[in-house]
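Chemist: Below are the sequence and a predicted model; questions follow.
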Amino acid sequence: MPIHSSAASIEIRQATAIDARAIAEIHVVSWQAAYAGIMPAQFLAGLSIEKRVLAWRNALAAGRVQVALASVDKELAGWTAYGQCRDADKDAIWGEIEAIYLHPSRYGQGIGTSLIEHACCSLREMGYTQASLWVLTNNWRARTFYERTGFVTDEQLKTVEIGGSLLHEIRYRRGLAK
C-alpha cells in the first residue's frame, strides 16, 4: 500500500523486479553527483546502468533486502534499501539502512527524510529496535542529513575498496522507538 507524505506529495511503495532499471538509473546518477571529488572521477564516469539493472533484478528477486521507492507526481525521485544488519558485532535487534539515493534534482525536497522515516518504521515493524547505516567519512552532506534525522555516530570505522581506491566509512545508529 502506498504511503503518502504531505512533503511535496511524496508516494512511497515497495519495489519489485520490474523497477530494477529505474533503481539502477537513480543509483548511477546519484553516485556520480554525490561522490564527485570523493571517488575517482574515472570510476564514476564508467558506472554502468546495465550492470546495475542486472544486479538489482537479482537482489530484488532474492528478497534479502527490502527496497522502497519514492515518487513525486509519479516520477521516481529516490529509493532506500534496508533489512537485517550485516555487521558481525550487531545482534538480531539491529536492522540496517544499506542505501538511500535520490536523483540530484530532488535534493532538499524532504524526499530523503521521508525515505529514512519509511525505512525506520519498516525496520521497527520487522521487529528491530535499533538501526545502523554506514556513510563515507568525507561525505559531509550525507552525514549532516543523517544527523538531522536522528542518527548518531558510534565512531566505528571501516575501510572499503571502491573503484580502485580505499575509502573510509563511519557507522551511525538510531533507536527505533515504538
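Modeler: It's in.
Chemist: contacts, neighbours, all on C-alpha from now
Modeler: Fine.
Chemist: Give the buried residues for whichever strand or helix holds R52.
Modeler: Mapping R52 onto the secondary structure by DSSP states H and E places it in helix 49-62. Using 16 or more other Cα atoms under 10 Å as the test for burial, helix 49-62 gives 49, 52-53, 56-57, 59-60.
Chemist: For that helix, name the packing helices and strands.
Modeler: Contact analysis of helix 49-62 by 3 or more Cα pairs under 8 Å, 6 or more residues apart in numbering; DSSP states H and E lists helix 20-34 as its packing neighbours.
Chemist: From the rest of the structure, what touches the helix it packs on?
Modeler: By Cα atoms under 8 Å, 6 or more residues apart in numbering, the surrounding residues in contact with helix 20-34 are 44-45, 47-50, 52-54, 56-57, 60, 76-79, 101-104, 139.
Chemist: how about the strands in this structure?
Modeler: With DSSP state E applied, the chain shows strands at 3-5, 10-14, 66-72, 75-84, 94-102, 130-136, 152-162, 165-175, listed in chain order.
Chemist: As CSV, the ones you listed with mean neighbour count, mean pLDDT and distance to A36 would be great.
Modeler: Converted to CSV, the strands of the chain look like this (neighbours: other Cα atoms under 10 Å; pLDDT from 0 to 100; distance: least, Cα to Cα, whole Å):
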stretch, mean neighbour count, mean pLDDT, distance to A36
strand 3-5, 13, 46, 30
strand 10-14, 21, 96, 27
strand 66-72, 22, 97, 24
strand 75-84, 22, 97, 18
strand 94-102, 23, 97, 14
strand 130-136, 22, 98, 12
strand 152-162, 13, 96, 13
strand 165-175, 17, 97, 13
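Chemist: Mind putting these into TSV with distance to R124?
Modeler: Supplementary listing: those in TSV, determined by distance: least, Cα to Cα, whole Å:
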stretch	distance to R124
strand 3-5	16
strand 10-14	16
strand 66-72	13
strand 75-84	10
strand 94-102	8
strand 130-136	8
strand 152-162	18
strand 165-175	9
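Chemist: and of those strands, who's closest to G110?
Modeler: Nearest to G110, of all the strands of the chain, is strand 10-14, at 8.6 Å by Cα to Cα.
Chemist: Run through the residues that contact I38.
Modeler: Applying Cα under 8 Å, 6+ apart as the definition, the contact partners of I38 turn out to be 138-139.
Chemist: from memory H168 sits against W134, does it?
Modeler: No - with contact defined as Cα atoms under 8 Å, H168 does not count as touching W134 (9.7 Å).
Chemist: Reformat the buried residues of helix 49-62 as JSON lines; add distance to A177 and pLDDT.
Modeler: JSON lines is the format used below for these (distance: Cα to Cα, whole Å; pLDDT from 0 to 100):
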{"residue": "I49", "distance to A177": "37", "pLDDT": "96"}
{"residue": "R52", "distance to A177": "34", "pLDDT": "95"}
{"residue": "V53", "distance to A177": "35", "pLDDT": "96"}
{"residue": "W56", "distance to A177": "31", "pLDDT": "94"}
{"residue": "R57", "distance to A177": "33", "pLDDT": "93"}
{"residue": "A59", "distance to A177": "29", "pLDDT": "91"}
{"residue": "L60", "distance to A177": "28", "pLDDT": "92"}
